[in-house]
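Student: Predicted model, plus sequence, below.
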Amino acid sequence: QSQIDAPPALSLIKSFPTDAPFVHTAAFVPDSTLFICAGGRESKMQSQLGGEPKNEVRVYDIVSGKEVAKVGRYPRAHFGPVNCLQFHPDGKRFYSAAEDGYIKVHDLP
């Protein structure tokens, strides 16, 4: 689960459900009501636990709290945990980088 906290008391503002075991990075989309979070399991943990890796990127609408997009299946998904998100200057796309060594480009919804 990802959540947004407000400083200084760090009271919970909003939470977003995710079935990825770990969230490694999150970002607000500039000039938008969208929030992106990403993560997954480390390769070592994945080989021990088996199952689907769930190295995914999820896009949520901050106002409604609803998931509006998900990148979670090959070939769009990563083979390793997603550790970095960066937005393209055009504001219509973003990049995800993961432990699999790939940087992928995604369209924003």
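Tutor: Received, thanks.
Student: which secondary element of this protein has the worst mean pLDDT?
Tutor: Each helix and strand of the chain was given a mean pLDDT (mean pLDDT, DSSP states H and E); the minimum falls on helix 43-49 at a mean of 63.
Student: can you list contacts of the helix or strand following it?
Tutor: The element immediately downstream of helix 43-49 (helix or strand, assigned by DSSP states H and E) is strand 57-61. Strand 57-61 has contacts (C-beta atoms under 8 Å, 6 or more residues apart in numbering) with 16, 18, 20, 29, 33-38, 66-72, 77, 82, 85, 96, 106, 108-109. For every residue, glycine as well, the C-beta is placed using N, CA and C.
Student: For this protein, which segments count as strands?
Tutor: With DSSP state E as the definition, the chain shows strands at residue ranges 2-6, 11-16, 23-28, 34-39, 57-61, 67-71, 82-87, 93-98, 103-107.
Student: Pretty sure residue 31 sits against residue 91.
Tutor: Yes - Residue 31 lies in contact with residue 91 (C-beta atoms under 8 Å); the separation is 6.4 Å.
Student: okay, those two: which has more neighbours?
Tutor: Neighbours were tallied for residue 31 and for residue 91 using other C-beta atoms under 10 Å; the higher tally belongs to residue 91 (12 against 8).
Student: Tell me which residues touch that one, please.
Tutor: So, once contact is read as C-beta under 8 Å, 6+ apart, residue 91 ends up touching 29, 30, 31, 32, 108.
Student: and it, what pLDDT?
Tutor: Looking at residue 91, its pLDDT reads 85.
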